[in-house]
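1. would you be able to build a 3D model of this:
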Amino acid sequence: MDKKRAEQLLRRYLDGRCTPEERHLVELWYHELLSDEKQWNRTAVDEEQLKDNVWKSIRKRRTVILPRVVAAAATLLVLATGVYFYRQKASLHPEKTMVLTENPVIQPGGNRAMLTLADGTAINLDEDKEGVVIGAHIAYLDGSSIKSLEQTDRQRLAIATPRGGQYRIVLPDGTNVWLNAATTLEFEWQPGSDERVVTLNGEAYFDVSSRQSRGTEKAVFRVKTRRQEVTVLGTGFNVSAYEESPQTVTTLVQGRVRVADLHPGRNGRSDGTWVLEPGFQAVTTAQHTRTSVANLASAVGWKNGDFVFDGSSIQEIMQQLSRWYDIDIQYRGSIPTEAFGGKIARKKDITDVLRVLELTGGVTFAIENRTVIVNP
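-> Now for the predicted structure:
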């Protein structure tokens, strides 16, 4: 069901012009939404309140989630009833359904990471733990011990998540970092240092601890990537800097950061720096850096356990899925050019995510072992 048809269905429901079958579909969607969010007692919802909340919820979510230009689905309706609508489509158009062979179920990623110490010791971190705290003693967030570090002036450590992994790390200064899949964070720990510098390849969300240096100024925190250097004092922000991506994106959620283009002068700015305010992002490509208003839900959705797409191309979406589910992607025929918008939990199996995308009408999929084939 494409965006236009879905919106028409919702409007007919609100106007009281739905057939009994159409009314059942909308109300099924709403009841599933209530069940998912655990905010209502399904048996206690009267029909008038149902109509009011459907419309309010759709209007609110459309302004936040759906892109302003080309959206391939009425996202809220489609995502909430993904499996149900998929089956309806399958029965009417069997030639359009996804090809599911006898392959193992492709599960979503989880807490997986490896910590490498200065002496080269590699520690596979526990998948059942939420995160790790780095200091003179390394421990999980729940306090269970991992290892004590040797007392030296400087320690260089690295933590890396594989494809299909994520992990939270608390740095020695108290800064919290959430690592997305296929990400490496390197940092030096030097007790008493006024400067905190980390190097990032991949994507991470930083909640930076604000602490005093030995003088009166706050200690500087810097994040270095291939194209940018981000300087902060105490703030929350996301940096996406994957090696294979054509751009590096820093998105500020709260506080204040200064972003430096590591190729100054090419943007008509001699210093090559931009100061971001909350809700803005700096995007650096091989050619230039530009700033714009950010979609915060999309930028940090992964940290909150969701895929959130906002005018994303199918290639951008599949790249995210590839990292999280540790799958390979192949394209057959012409690559769809539509933009997609929507939200779905990262804990879903890959088949659930692909079924939702198929409902947009812009793309179909086949799965062969751990390879997803994208068909126009």
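2. just checking, Thr291 touches Thr273?
-> No - with contact defined as C-beta atoms under 8 Å, Thr291 and Thr273 do not form a contacting pair (11.1 Å). All C-beta atoms are positioned from the backbone trio N, CA, C, and that covers glycine.
3. domains in this structure, by residue range?
-> By the record's domain assignment, the chain is partitioned as 3-91, 110-298, 309-375 (automatic domain parsing).
4. beta-bridge partners for Glu368, please?
-> Taking DSSP bridges, one obtains Thr371 as the residues bridged to Glu368.
5. next: Asp306.
-> Bridge pairing for Asp306 (DSSP bridges) gives the partners Ala345.
6. quick one: the helices in the stretch 201-350 of the chain?
-> Taking DSSP state H, counting those that start in this stretch as the criterion, the stretch 201-350 of the chain contains helices spanning 296-300, 314-325, 350-358.
7. could you give the mean pLDDT of the longest one?
-> Averaged over helix 314-325, pLDDT sits at 95.
8. can you give me the buried ones in it?
-> By neighbour count on 16 or more other C-beta atoms under 10 Å, the buried set for helix 314-325 is 314, 317-325.
9. sorry, back to before: out of the helices of the stretch 201-350 of the chain, which is closest to Glu127?
-> When those are ranked by proximity to Glu127, the top entry is helix 314-325, at 14.9 Å, counting by C-beta to C-beta.
10. tell me which of the helices of the stretch 201-350 of the chain lies nearest to Asn201.
-> With C-beta to C-beta as the measure, helix 314-325 is the member of those nearest Asn201 (12.7 Å).
11. just checking, what packs against the closest one?
-> Helices and strands in packing contact with helix 314-325 are listed as strand 306-312, strand 328-331, helix 350-358, strand 371-375; criterion 3 or more C-beta pairs under 8 Å, 6 or more residues apart in numbering; DSSP states H and E.
12. got the ones you listed as TSV, with mean neighbour count and distance to Tyr140 columns?
-> As requested, these are exported to TSV (neighbours: other C-beta atoms under 10 Å; distance: least, C-beta to C-beta, whole Å):
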stretch	mean neighbour count	distance to Tyr140
strand 306-312	21	25
strand 328-331	14	32
helix 350-358	22	29
strand 371-375	18	34
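13. got those as JSON lines, with distance to Gly279 columns?
-> Written out in JSON lines, the entries for the helices and strands packed on helix 314-325 read as follows (distance: least, C-beta to C-beta, whole Å):
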{"stretch": "strand 306-312", "distance to Gly279": "14"}
{"stretch": "strand 328-331", "distance to Gly279": "32"}
{"stretch": "helix 350-358", "distance to Gly279": "28"}
{"stretch": "strand 371-375", "distance to Gly279": "33"}
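14. and the helices in the stretch 51-200 of the chain?
-> With DSSP H, counting those that start in this stretch as the criterion, the stretch 51-200 of the chain has helices spanning 75-80, 82-92.
15. how about the contacts made by Glu195?
-> With C-beta atoms under 8 Å, 6 or more residues apart in numbering as the criterion, the residues that contact Glu195 are 219-220, 222.
16. what about it, distance to Glu130?
-> Using C-beta to C-beta, to the nearest Å, we find Glu195 at a distance of 29 Å from Glu130.
17. then Val353?
-> Applying C-beta to C-beta, one obtains 24 Å for the distance of Val353 from Glu130.
18. one more: Thr19?
-> Look at Thr19 and Glu130: by C-beta to C-beta, they are 48 Å apart.
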